[in-house]
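Asker: fold the stuff below for me.
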Amino acid sequence: MTGTGPFTANGLPGPVAKKAFETASVLRRCGWGIPYSDGGFHVTILTITPEAETELDTALSSSSVYTAQHGHNRSIYSRVWDDGIGWGFAQGFDSGYWVVSSGTMVSPETTAELVGKTLDVLVAATG
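Answerer: From the prediction side, this is the model:
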């Protein structure tokens with residue numbers, strides 16, 4: 001489903017991500033529900049400036065909260081985001097794109113996989 005509401009800086013944990021969002025542009029936001037449950041997840045595609053990407057990548061790589069997801073050709077970081085209900089959360093960058101994925105009933109590894117696959121498609125389509 002698309003049209004799941006606007007993606008704002010409130011959808012991002014951390015001051016560096018919120019700052020990066022100030023110069024980013026949302027290209028697309030898609031959401032899916034998990035049948036017969038209260039679970040669902042989103043993938044949001046944004047553009048990001050090289051400067052904002054570098055600052056965010058540096059902050060995430062030095063954070064004790066995020067786990068770098070290896071096995072990808074790009075920077076992807078994931079974490080559990082607990083705001084009363086457990087969320088899988090991941091974000092990654094490549095070629096001027098910033099992809100954010102989050103949801104309930106999905107793990108940080110699953111959200112990282114969604115980010116990686118989305119970046120693969122974006123880079124292949126524009127490369």
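Asker: now the phi/psi pair for the residue located most distally from the centre of the chain, please.
Answerer: Most distant residue from the mean C-alpha position of the chain: residue 36, 25.0 Å away (Cα atoms, centre = their mean). Torsion angles at residue 36 (phi, psi; degrees, to the nearest 10) stand at phi 60, psi 30.
Asker: pull the longest helix from this protein.
Answerer: Secondary structure of the chain per DSSP state H: the longest helix is helix 108-126.
Asker: can you give me the strands for the protein?
Answerer: Assigned by DSSP state E, the strands in the chain fall at 25-33, 40-47, 67-68, 75-82, 86-94, 97-104.
Asker: could I get those strands in JSON lines, plus columns for mean pLDDT and distance to residue 19?
Answerer: The C-beta positions use only the backbone N, C-alpha and C, and glycine is treated the same way. Converted to JSON lines, those look like this (pLDDT from 0 to 100; distance: least, Cβ to Cβ, whole Å):
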{"stretch": "strand 25-33", "mean pLDDT": "90", "distance to residue 19": "15"}
{"stretch": "strand 40-47", "mean pLDDT": "92", "distance to residue 19": "13"}
{"stretch": "strand 67-68", "mean pLDDT": "91", "distance to residue 19": "21"}
{"stretch": "strand 75-82", "mean pLDDT": "87", "distance to residue 19": "16"}
{"stretch": "strand 86-94", "mean pLDDT": "88", "distance to residue 19": "14"}
{"stretch": "strand 97-104", "mean pLDDT": "92", "distance to residue 19": "13"}
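Asker: who's residue 97 bridged to?
Answerer: Beta-bridge partners recorded for residue 97 (DSSP bridges): residue 47, residue 94.
Asker: spit out the contact partners of it.
Answerer: 45, 46, 47, 48, 119, 122, 123 (Cβ atoms under 8 Å, 6 or more residues apart in numbering).
Asker: just the buried ones among those, please.
Answerer: If you count burial by 16 or more other Cβ atoms under 10 Å, the buried members of the contacts of residue 97 come out as 45, 46, 48, 119, 122.
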